[in-house]
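A.B. asks: predicted model and sequence below, questions to follow.
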Amino acid sequence: MSALAVDHTDVVTHDHARLEAQRRKPEILNHGFSGIYYLFEISPVSQEYNTGQDSQDAVSLELLDLDPEQELQVFYSYIRVDDCENITVTEFYLTPFSTSRISDIFIFAGFVFMYLLAVVGNLIIVALVCAAPQLHTPMYFFLCNLSSVDAIYVSAILPKMLSIIITEDKTISFLGCLTQLYFFMFCALNENYILACMAYDRYVAVCSPLHYSLIMTRKVCFILTTSYMIISAMNSLMLTIMTSILSFCYSYKINHFFCDITPLMALSSSDTHNMKMILSLESLFASVIFLFILTSYVRIISTVIKIPSSKGQLKAFSSCLSHIITVLLFYGPSIFMYLKPDSEDSKEQDKIISMLYVAVVPMLNPFVYSLRNKDVLGAARKTAKIIWSRIKHF
């Protein structure tokens, strides 16, 4: 019998039950979310004092076996609203896709494949840009940053999801949830700024080619990179801290496969008005960045059309094609998610769309920038020859 077990025939007052719940909360939380738990059922004995004795609300303690998904739900649903600030959440419960066990095996294999492709592919891009002198240009400097961010992006989300699928343990610690949330927002914000910097780089290269080396200097690239890294880090830290002080009284079940800020705000019993205002400003700023990218490419296209030779036009377009595909892959799912009507069925759709920019886009980016890019392919062949020659001599 568990150390938390009590005789289910005990009857105590409402106040006694509330205090007992508060007193035993750390003991219950430390029990590991499994096995025996208490269900407090309020049953008023009398509302009058006609018996000559103090009437009180009686509370029956019934001993139940609850699954991990239900245990804290029972406890938090009992606690009164004015006790909410005293509750310390230690775990959340993630809800990935609802599928059969056989389907889970195929999903697991698919996401392992995508995760390995994303991490290995992006790390290869980083290594090539660092090793090949011909890739030491502003465009490939930002591509190196993008690949680094994508590798962190998938590593913050997918390993936990894969663990959930294979172990069927859907819990995530409070600290683990906040860590995942921080890196998710940090990478998403960085990717916005990096794509904007890459668009500006292509704009200068096509529209002002004679001034390109004067405008896109190493100092400018370093200042831009440092600026958006600091802004993203501080912004993500602020939102993570604001999320950490929210109260979660009524549920700890996150309707998502990772800790995103929107499901956490929907889950919270606190006032999230200020956070919603900040997120609205963030969305507005992201829209401004997207418009900046579109404007850059409108100017680029108008400049390319004026080039007299078709060969020159093709060369100019080919230098921008990879970036255009990346922008469409990154912003496309996000735009679709925010434009579609909200409903109960849309929650599952949101998970699928989120999977596109969390896993699919980071996996595809290395292919987008390498398969049709002569510079990257040339650097890859040259680096491979150097490594092979060293292996033979070894």
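C.D. replies: Structure received.

A.B. asks: show me the contacts for the nearest residue to K276 once chain neighbours are set aside.
C.D. replies: Taking CB to CB, 6 or more residues apart in numbering, and ignoring the residues beside it in sequence, K276 has M265 as its nearest neighbour in space, at 7.2 Å. C-beta coordinates here come from the backbone N, C-alpha and C atoms, glycine included. Listed by CB atoms under 8 Å, 6 or more residues apart in numbering, the contact set of M265 reads 243, 246, 272, 275-276.

A.B. asks: can you list the domains in this structure?
C.D. replies: 11-85, 101-390 (automatic domain parsing).

A.B. asks: just name the most buried of those.
C.D. replies: domain 101-390 (a mean of 17; mean count of other CB atoms under 10 Å).

A.B. asks: I'd like the average pLDDT over it.
C.D. replies: Average pLDDT, domain 101-390: 86.

A.B. asks: any idea how far L291 is from L267?
C.D. replies: 32 Å (CB to CB, to the nearest Å).

A.B. asks: give me the element the closest residue to I278 other than its chain neighbours is part of.
C.D. replies: Excluding its sequence neighbours, the residue lying closest to I278 (CB to CB, 6+ apart) is L239, at 7.0 Å. Using DSSP states H and E, L239 maps to helix 218-244.

A.B. asks: name the helices or strands packed onto that helix?
C.D. replies: Other elements packing on helix 218-244 under the criterion 3 or more CB pairs under 8 Å, 6 or more residues apart in numbering; DSSP states H and E are helix 138-167, helix 174-207, helix 261-267, helix 273-305.

A.B. asks: is it true that I172 lies in a helix?
C.D. replies: No: judged by DSSP: H, G, I helix; E, B strand; the rest coil, I172 forms no part of a helix; its state is strand.

A.B. asks: F92 in helix, strand or coil?
C.D. replies: Per three-state DSSP, F92 ends up strand.

A.B. asks: ok now do the residue nearest to I278, which residues does it touch?
C.D. replies: Neighbours of L239 in contact, by CB under 8 Å, 6+ apart: 181, 185, 261, 275, 278-279.

A.B. asks: picking up where we left off before, the domains of the chain into JSON lines, with extra columns for distance to T95?
C.D. replies: Converted to JSON lines, the domains of the chain look like this (distance: least, CB to CB, whole Å):
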{"stretch": "domain 11-85", "distance to T95": "9"}
{"stretch": "domain 101-390", "distance to T95": "6"}
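
A.B. asks: minimum distance to L94: which of the ones you listed has it?
C.D. replies: Nearest to L94 among the domains of the chain is domain 101-390 (5.0 Å), distances taken as CB to CB.

A.B. asks: and I254, its phi and psi?
C.D. replies: Main-chain torsions, I254, degrees, to the nearest 10: phi -90, psi 120.

A.B. asks: no no, H256
C.D. replies: phi -170, psi 170.

A.B. asks: once you drop chain neighbours, what's closest to it?
C.D. replies: P263 (4.5 Å).

A.B. asks: surely that neighbour touches F257?
C.D. replies: No: using CB atoms under 8 Å, P263 makes no contact with F257, being 9.9 Å away.

A.B. asks: which neighbours do these two share?
C.D. replies: Contacts common to P263 and F257, judged by CB under 8 Å, 6+ apart, are absent.

A.B. asks: run the chain-centre distance for stretch 242-258.
C.D. replies: 14 Å (CA atoms, centre = their mean, to the nearest Å).

A.B. asks: list the contacts for Y331?
C.D. replies: Residues counted as contacts of Y331 (CB under 8 Å, 6+ apart) are F290.

A.B. asks: now swap in V360 and tell me
C.D. replies: Applying CB under 8 Å, 6+ apart, the residues near V360 are 114, 329.

A.B. asks: same question for I261.
C.D. replies: Contacts of I261 (CB under 8 Å, 6+ apart): 181, 185, 239, 243, 275, 279.

A.B. asks: report the secondary structure state of the closest residue to I166 other than its chain neighbours.
C.D. replies: With CB to CB, 6+ apart as the criterion, I166 has its nearest non-adjacent residue at 5.9 Å, and that residue is F108. Three-state call for F108 (three-state DSSP): helix.
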